[in-house]
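Chemist: Sharing a model that was predicted from the sequence below.
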Amino acid sequence: MLNMRLLLTICYVFIFTGAFVVNGKSNDINQPTVGIIRWDAWNLINGQYDEISFYSHRAMSPEHFHYRLPFFAKVNSDTNVTINGDTQEIMDQEILYASYAGFDYWAFDTYCAFGPNCTTNSPYCAQYYQQTSNRYCPQNPAYGLYRYLSSKYIALINFTFVLLGSSPCGDEFQEYYIELMMHRQFQTVLGGRPLLYLFQFDDQEAQLCGGGWEGSGRVFNNFRQKVINRGLQNPYLVLMDGDIQRCKTRAAAIGFDAISSYGVGGGGTVQGSPFSDEVQRSVQWWNAAIQSGAKVVIPLPTGWDPRPRSEHPVPWVDQGPEHFLQPTAEELQNFFKTSIELTCTNRNVTEAQTVIVYAWNENSENGASLIPSIGNGTYYISALSDILPMSC
């Protein structure tokens, strides 16, 4: 059930959407932006679940995980659910929810699209399927992005990408990214620099990209120049890796501007550790990253609970039952406040003045994804709407 303040907010947006500025939300230096990662794996292809959506559906079907299903899921029985987020109505509702929470941008996980039976003509996509994430071969991984770009509410939230694997090295992929980077809602930092994240880029990806890390640096430098030649500012590129020193070394090798992480990753106990432990390990990561000498974008994980994938394994990653308990509203609010305060007080290091949150809809891996769910409703986004945006 929607609370009254959320209902009034949504009604206001329905009536006055046309009054919103076309350039999206501002990147005020005294008000750090807050972005959140989207992992869109909740769609159908010709009435059948897309490749990774099949495994998401299987993992979330047991009754004891139904409380974590996104709001648009339908529970048919104790062991059967229907999940399809690939409609314009659902995306429009998601935008209203995310805007109400106070998020400035979505960071869409962006990777290869495959043909039936995981077919592809791209060596970059073939490597991702064979080496990086086994059977990670959806036919329509960008359905969420396309629905977002078609929404009448697009002005309420900006967007960027978390690029995955070596495909960002390919000319055709780069041209696709640049076209979208020219969109008026694409997230920028530092007075107009387009913001991009890169994840799952390791030695094998660097080898295919440019024959190693040095060569990959030349590839990404060429990408920067392509962006500039199209009339945009020099992009702000952020490498994601949970190992701080490795991330710093690799970011320097390929000429990236900052380091971050896709959440903080792992942790917890089989019985479930208190969320305060997740907060503690995250703050330790933040401080170590800030002291590393690299520029940093603070990653904020709202949870970790891959038990659905432990009970019903997915082929691209092996995850156990260790997890953290869900946060209370107050714990989540304080966690966000700490991350933003740290971003404000270390501006020479956190120069982009943005925080990246894990995650909006990683429901089978993150026990406290922030998309409204069957169990939690709007509990988390309502809590965040009370504190976001935050100024320095």
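Modeler: Done, it's in. Bear in mind the structure is a predicted one, so any value in this text is a computation, not a measurement.
Chemist: from memory residue 103 sits against residue 94, does it?
Modeler: No: Residue 103 is beyond contact range of residue 94, at 10.7 Å (criterion: CB atoms under 8 Å). In short, each C-beta sits where N, CA and C put it, glycine included.
Chemist: Convert stretch 197-213 to CSV, retaining C-alpha atoms only.
Modeler: Taking Å, rounded to 0.1, in the frame of the first residue of the first chain, the C-alpha atoms of stretch 197-213 are listed here in CSV:
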residue,chain,number,x,y,z
TYR,A,197,31.7,2.9,-15.0
LEU,A,198,33.6,-0.2,-16.2
PHE,A,199,33.3,-3.6,-14.4
GLN,A,200,34.7,-7.1,-15.0
PHE,A,201,37.7,-5.9,-16.9
ASP,A,202,40.6,-8.2,-16.0
ASP,A,203,43.8,-9.6,-17.7
GLN,A,204,41.9,-11.6,-20.3
GLU,A,205,39.7,-8.6,-21.2
ALA,A,206,42.8,-6.3,-21.4
GLN,A,207,44.5,-8.9,-23.7
LEU,A,208,41.6,-9.0,-26.1
CYS,A,209,41.0,-5.2,-25.9
GLY,A,210,44.5,-4.0,-26.7
GLY,A,211,47.0,-6.8,-26.3
GLY,A,212,47.5,-6.0,-22.6
TRP,A,213,47.0,-3.2,-20.2
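Chemist: Pull up the pairing partners for the helix or strand hosting residue 107, direction included.
Modeler: With secondary structure defined by DSSP states H and E, residue 107 is part of strand 105-110. According to DSSP bridges, strand 105-110 forms sheet pairs with strand 33-38 (parallel), strand 158-164 (parallel).
Chemist: can you tell me which of those comes nearest to residue 328?
Modeler: strand 33-38 (19.3 Å; CB to CB).
Chemist: Which residues does that closest one contact?
Modeler: 25, 27, 98, 102-109, 144, 160, 162, 187, 189, 195, 262, 336, 340, 353-362, 370, 388-389 (CB atoms under 8 Å, 6 or more residues apart in numbering).
Chemist: Could you do stretch 335-348 as well?
Modeler: 32, 34, 279, 282-283, 286, 290, 296, 298, 300, 302, 327, 350, 353-355, 384, 387-388, 390, 392.
Chemist: Buried subset of the residues you listed as a ChimeraX selection?
Modeler: Of the contacts of stretch 335-348, the buried ones can be selected in ChimeraX as follows, counting by 16 or more other CB atoms under 10 Å:
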select :32,34,279,282,283,286,290,296,298,300,302,327,350,353,354,355,384,388,390
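Chemist: This completes my enquiry, with thanks.
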